[in-house]
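Asks: Here is my input; please provide its structure:
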Amino acid sequence: MRTAPTEALEALLSLPRLHIEVEAGAMRSSYSVKQWGQWRGREDSNQDPDALVSHGLVWFTNGSKTLEGTGVGVRGMRPRVARSFPLGKHTSVFQAEVFAILACVSENLKLGYSNQHIQIRTDSQAALHALKSLRIISQVVLECTNSLAALCQRNKVRLVWVSGHSGVAGNEEADALARKGSSDTFTRPEPAIGLHRQLDQKKMPGGLV
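Replies: Numbers count the residues shown, from 1 in each chain. Prediction:
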């Protein structure tokens, strides 16, 4: 299959729709997300992000690129998890942001959750737009989409946009983890993002499989 659009993948596997919610003030973004999945309304964008979910599992993901390299951070608030690992010098910020979500999803799959409400928060609108696009041309986006579909088989999953560098504790912690990863040494052959097919074969730095 040359591409794997999310809607076609969900129909093929009889999976529930993956709800991607982008909390933004702009009318255009709001309209786009309403067409994609559930939307709670404008009041959510004015709330503390921690008040958006009263139960379930809450994660933050982030990618960072510095002069030293590129890194990924995954911060679980419920459960309390911190993951940080490098992606070398040739990974773009966009690839890192998508890979951070993939790493978070992989962590949830590894933990074997079932019948859980899982919320993954990111400050990358580009990553969210890529994951909800009907045309997938990036391997890491395809891998992330497939992993999300697998996680949705037994759980309710939502991707939520949060404003970056706005004092949201979990997001700031994920950003710090990503920056730590960018300064760590990547010991495998580059480009690192090509390792996406090995997630189920080799243990990645930070405990991700």
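
Asks: Mind listing the strands the helix or strand hosting residue 159 pairs with, and their directions?
Replies: Following DSSP states H and E, one finds residue 159 within strand 156-161. Note on strand 156-161: by DSSP bridges, its sheet partners are strand 19-21 (parallel), strand 117-122 (parallel).

Asks: can you tell me which of the ones you listed the model trusts least?
Replies: For those, the bottom mean pLDDT is recorded on strand 19-21, which sits at a mean of 42.

Asks: Which residue is the nearest non-sequential neighbour of residue 124?
Replies: The shortest distance from residue 124 to any non-neighbouring residue, by CB to CB, 6 or more residues apart in numbering, is to residue 97 (3.8 Å). All C-beta spots, glycine's among them, are computed from the backbone N, C-alpha and C.

Asks: since we're on that neighbour, how many residues are nearby?
Replies: By the criterion of other CB atoms under 10 Å, residue 97 has 26 neighbours.

Asks: which residues touch it?
Replies: By CB atoms under 8 Å, 6 or more residues apart in numbering, the residues touching residue 97 are 61, 62, 63, 122, 124, 126, 127.

Asks: Check which residues of the strand holding residue 159 are buried.
Replies: The neighbour-count check on strand 156-161 (16 or more other CB atoms under 10 Å) flags 157, 158, 159, 160, 161 as buried.

Asks: Need the residues that contact stretch 86-93.
Replies: Contacts of stretch 86-93 (CB under 8 Å, 6+ apart): 63-65, 69-72, 95-96, 99, 181-186, 188, 190-193, 205.

Asks: And the pLDDT at the residue nearest to residue 124?
Replies: With respect to pLDDT, residue 97 has a value of 96.

Asks: Please, which helix or strand holds residue 82?
Replies: strand 81-86.

Asks: how about the CA coordinates for that strand, as CSV?
Replies: Extracted C-alpha coordinates of strand 81-86, given in CSV (Å, rounded to 0.1, in the frame of the first residue of the first chain):
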residue,chain,number,x,y,z
VAL,A,81,7.3,8.7,33.4
ALA,A,82,10.3,10.6,32.0
ARG,A,83,12.1,9.5,28.8
SER,A,84,14.9,11.3,27.0
PHE,A,85,17.0,10.2,24.1
PRO,A,86,19.0,11.5,21.2
